[in-house]
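Engineer: Got a predicted model here, sequence first, then my questions.
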Amino acid sequence: MTRRNPRTAGEAIAGAKRLVVKVGSSLLVDAASGAVNAAWLGALAGDLARLREEGRQVVVVSSGAVALGRRRLGLKGRSRRLDEKQAAAAAGQSLLMRAWEEALGAHGIATAQVLLTRDDTESRPRWLNARATVEALLKLGAVPVVNENDTVATEEIRYGDNDRLAARVAQLAQADALVLLSDIDGLYTADPRKDPAATHLPLVEELSAEVMAMGTGPNAEAEVGSGGMATKLAAARIARVAGCCTVIALGERQAPLKAVQDGARASLITAGAGRGQAYKQWIAGHLAPKGVLVIDAGAAAALEDGRSLLASGVTASEGRFGKGDCVVVRDGAGAEVALGLVGFSAEEVARIRGLRSTQIEAELGYKARELIHRDDLVRIAERRAE
């Protein structure tokens, strides 16, 4: 289903197998009343349900908890105090999830709350855990609704805006397309609200310094939300490195995704390499190995066939590594055959090496399968071919 090189925003959405859709506070929360814009959200839910019926998987990144919590707690204006923001997030997160549950539930779609902090996507063990949770939810037919865990996030560990969070989620979920719904219909050479000569850019194939300079701050008139075009371009850069394209589209219209597919104006920022290729380039070129796994001939043949590495094929391990660290995989003769992100710590590998997958639960106390999943593994032959 995924199209290799979409040339329009509509093609990018139509060709994606997995999408991350980011919804900002200014769209979801009515600025005048501070309540959920239920009619708009209901129409968007129908849009998402249509994509799912067409065979696509959808992850939602939704702002709105702080804005809704302010109303519940009677807070006026936009407080800059971190403790008040955290209190508002705590009060508003249940309202936000209730709104999504009602909107998607009308289409028979289950929702699941996922709260992340920056540590969850920058610490590899937690990143792997978060990815496994999102994958499980998608396989079970649910729509993960992701938000930053503002209740516990300090200024030092915050993403700062949900555009960047959405890009990290797209990376984590290995999405084909990231859709940033905005209060503007894409990227312009300048802010069209201030410069009538600004030109709309339907296709961006390189995030040069000139393009990045076109970003502007948030729409101050909305009084909710923290992003702007600058944060959307920063998010697109993160997504691009992960092999994921970015669509910036006007979210205020009804069924905004269908509108883009039908030809409504939007901007597409293309991906760099393909999703899988970009991810494996990151493993091969940017991570220092923390240990070594030695495998038998059967495991080496399985890796050659593109399969995952199982514990039963490991004969020895070296080094001090944790879950999510990069390790070198060697055959019995000492030749390097692969690099990968290991799903267990060195201590756990020492306990389960040589065991069949069905025996791991008895040893570790929980079910597990791959030592290194094939998606997290780069064969040395592939690395040399690049």
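Structural biologist: Structure's in. What do you need? From a predicted model like this one, the values you see are computed outputs, not experimental measurements.
Engineer: Now do the helices in the stretch 251-386 of the chain.
Structural biologist: Applying DSSP state H, counting those that start in this stretch to the stretch 251-386 of the chain gives helices spanning 256-261, 275-286, 297-304, 346-352, 357-364, 380-385.
Engineer: and among those, the most buried is which?
Structural biologist: Among the helices of the stretch 251-386 of the chain, helix 256-261 has the highest mean neighbour count (mean count of other Cβ atoms under 10 Å), at a mean of 23. Using the backbone N, CA and C atoms, a C-beta is placed for each residue, glycine as well.
Engineer: Pull the residues that contact it.
Structural biologist: Under the contact criterion Cβ atoms under 8 Å, 6 or more residues apart in numbering, helix 256-261 has outside partners 9-10, 13-14, 21, 44, 47-48, 50-51, 179, 181, 247, 249-250, 253, 264, 266.
Engineer: Okay, and which of those map to strands?
Structural biologist: Judged by DSSP state E, strands contain the following of the contacts of helix 256-261: 21, 179, 181, 247, 249-250, 266.
Engineer: and of these, the nearest to residue 324?
Structural biologist: When these are compared for distance to residue 324 (Cβ to Cβ), residue 21 wins out at 26.9 Å.
Engineer: rewinding a little: want to throw the helices of the stretch 251-386 of the chain into JSON lines with mean pLDDT and distance to residue 89?
Structural biologist: Converted to JSON lines, these look like this (pLDDT from 0 to 100; distance: least, Cβ to Cβ, whole Å):
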{"stretch": "helix 256-261", "mean pLDDT": "96", "distance to residue 89": "26"}
{"stretch": "helix 275-286", "mean pLDDT": "65", "distance to residue 89": "31"}
{"stretch": "helix 297-304", "mean pLDDT": "95", "distance to residue 89": "45"}
{"stretch": "helix 346-352", "mean pLDDT": "95", "distance to residue 89": "35"}
{"stretch": "helix 357-364", "mean pLDDT": "92", "distance to residue 89": "35"}
{"stretch": "helix 380-385", "mean pLDDT": "59", "distance to residue 89": "43"}
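Engineer: okay if I get those helices as CSV plus distance to residue 117?
Structural biologist: Converted to CSV, those look like this (distance: least, Cβ to Cβ, whole Å):
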stretch, distance to residue 117
helix 256-261, 28
helix 275-286, 21
helix 297-304, 35
helix 346-352, 25
helix 357-364, 27
helix 380-385, 33
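Engineer: So the residue nearest the centre of the chain, which state does it fall into?
Structural biologist: Centroid-nearest residue in the chain, with Cα atoms, centre = their mean: residue 169, separated by 1.5 Å. With DSSP: H, G, I helix; E, B strand; the rest coil as the basis, residue 169 sits in helix.
Engineer: and it, what is it in contact with?
Structural biologist: Counted by Cβ under 8 Å, 6+ apart, residue 169 has contacts 20, 59, 61, 116, 121, 134, 146, 175.
Engineer: Among these, which ones are in helices?
Structural biologist: 121, 134 (DSSP state H).
Engineer: Among the contacts of residue 169, which pair sits farthest apart?
Structural biologist: 116 and 175 (15.0 Å).
Engineer: Looking at the two, which is more packed in?
Structural biologist: residue 175 (28 against 22; other Cβ atoms under 10 Å).
Engineer: Now do the phi/psi pair for the more buried one.
Structural biologist: When read as degrees, to the nearest 10, the backbone of residue 175 gives phi -80, psi 150.
Engineer: Tell me how far it lies from residue 72.
Structural biologist: Going from residue 175 to residue 72 by Cβ to Cβ, to the nearest Å gives 32 Å.
Engineer: Let me know which of the helices of the stretch 251-386 of the chain is the nearest to residue 374.
Structural biologist: Once the helices of the stretch 251-386 of the chain are compared by Cβ to Cβ, helix 297-304 is nearest, at 8.3 Å.
Engineer: residues making contact with that closest one?
Structural biologist: Residues contacting helix 297-304 (Cβ under 8 Å, 6+ apart): 295, 308-310, 312-314, 329, 331-332, 337-338, 377, 379.
Engineer: Output those as TSV; include the columns distance to residue 102 and pLDDT.
Structural biologist: As requested, the contacts of helix 297-304 are exported to TSV (distance: Cβ to Cβ, whole Å; pLDDT from 0 to 100):
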residue	distance to residue 102	pLDDT
295	51	97
308	40	95
309	44	96
310	43	96
312	47	95
313	48	96
314	48	97
329	48	97
331	55	94
332	58	93
337	51	94
338	47	94
377	42	91
379	47	89
